[in-house]
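> Show me how the following folds:
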Amino acid sequence: MAGFLVACVFCAFSGVADAKMRVRDVQWQLEGRTYQGALVYDDASTSRRPGLLMIPNWYGVTSGALAKAKRIAGRDYVILVGDMYGKGRRPADTAQARSAVRPLYGDRAEMRKRVSKALQVLRAQASSAPIDRKRLAAIGFCFGGSAVLDLARSGADIAAVVSFHGGLSTGDPTLAKNIRAHVLVMNGADDKGTMGEADAFMDEMRGSPADWQFVVLGHAVHCFTETDEHAPGCRYDARAARRSYRLMAHWLDDAFAGADGR
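Residues are numbered from 1 along each chain as shown. Predicted coordinates:
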């Protein structure tokens, strides 16, 4: 699985080009607000496969996020691209994105509530999509990395969470005692926005029961998987992206193998 995933992501869409990728809008309600994400999977096969909740960067459910979901899903996963803001709220620039995430970073209980609801929605899709409910995980990018780490801290019953260049802070480090998932975190060594939080994060994980791994990718800065980011401090890095996707695939394989034995 791991080798095939890496090939799909980085070999000019060769695997995806032959696949029949379906992208289906999915809506849900939470406390009177409508949210809209997208379910992404290859429907050429009816074989049940792991389900991944994917929380994108702070721009939310964009065409770029859906393209990334397609590349990751390939024939291996069914992915729900989760909406954390609400239907119709799609930041168009960094100022709008910062405004969208600020309330969630300021209210981590609300962040956990929204990402937990998105996980429930993913689980429910098994009635209409080829998802194996016994093999669920969550992955996130930048802001999405923070969100899936908070999902783990909530005690979510999933096999794994994987964070790519995500924020590491928490409003309550004692929540780590609730973690049931295998936690993989990957950040760039030169990421000035997150690496200052690394020591506190590792202390938090040491106090948790989690199987966890923190990977530092040399010379990478923030946004290393985001193909359209090229600023000095937020820049795509093909080598770091390739390695991090490979690590994710192996981590998920191991976590799902453990989940099968529970």
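> mean confidence score for the longest helix seen in the chain?
For the chain, the helix with the greatest residue count under DSSP state H is helix 238-260. Mean per-residue pLDDT for helix 238-260: 93.
> So which elements touch it?
Contact partners of helix 238-260 among helices and strands, from 3 or more Cβ pairs under 8 Å, 6 or more residues apart in numbering; DSSP states H and E: helix 2-10, strand 49-55, strand 131-141, strand 160-164, strand 182-188, strand 212-217. For glycine as for every other residue, the C-beta is placed from the backbone atoms N, C-alpha and C.
> Go through those and pick out the most buried.
strand 160-164 (a mean of 29; mean count of other Cβ atoms under 10 Å).
> what are the C-alpha coordinates of that strand, in CSV please?
In CSV, the C-alpha atoms belonging to strand 160-164 read as follows (Å, rounded to 0.1, in the frame of the first residue of the first chain):
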residue,chain,number,x,y,z
ALA,A,160,-4.1,7.1,13.8
VAL,A,161,-3.7,10.8,13.3
VAL,A,162,-1.0,12.4,11.1
SER,A,163,-0.1,16.0,11.1
PHE,A,164,1.9,17.7,8.4
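> any idea of the mean pLDDT in it?
99.
> hang on, the earlier thing: redo the helices and strands packed on helix 238-260 as CSV? Include distance to Asp253.
CSV is the format used below for these (distance: least, Cβ to Cβ, whole Å):
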stretch, distance to Asp253
helix 2-10, 6
strand 49-55, 9
strand 131-141, 10
strand 160-164, 10
strand 182-188, 11
strand 212-217, 14
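> quick revisit: pull out the buried positions in the longest helix of the chain.
Residues 240-241, 243-249, 251-256, 259 are the ones in helix 238-260 that count as buried (16 or more other Cβ atoms under 10 Å).
> related to what we said a few turns ago, worst average pLDDT in the helices and strands packed on helix 238-260?
Among the helices and strands packed on helix 238-260, helix 2-10 scores lowest, at a mean of 47.
> What values do phi and psi take at Arg235?
Per-residue torsions, Arg235: phi -140, psi 140 (degrees, to the nearest 10).
> neighbours around it, how many?
17 (other Cβ atoms under 10 Å).
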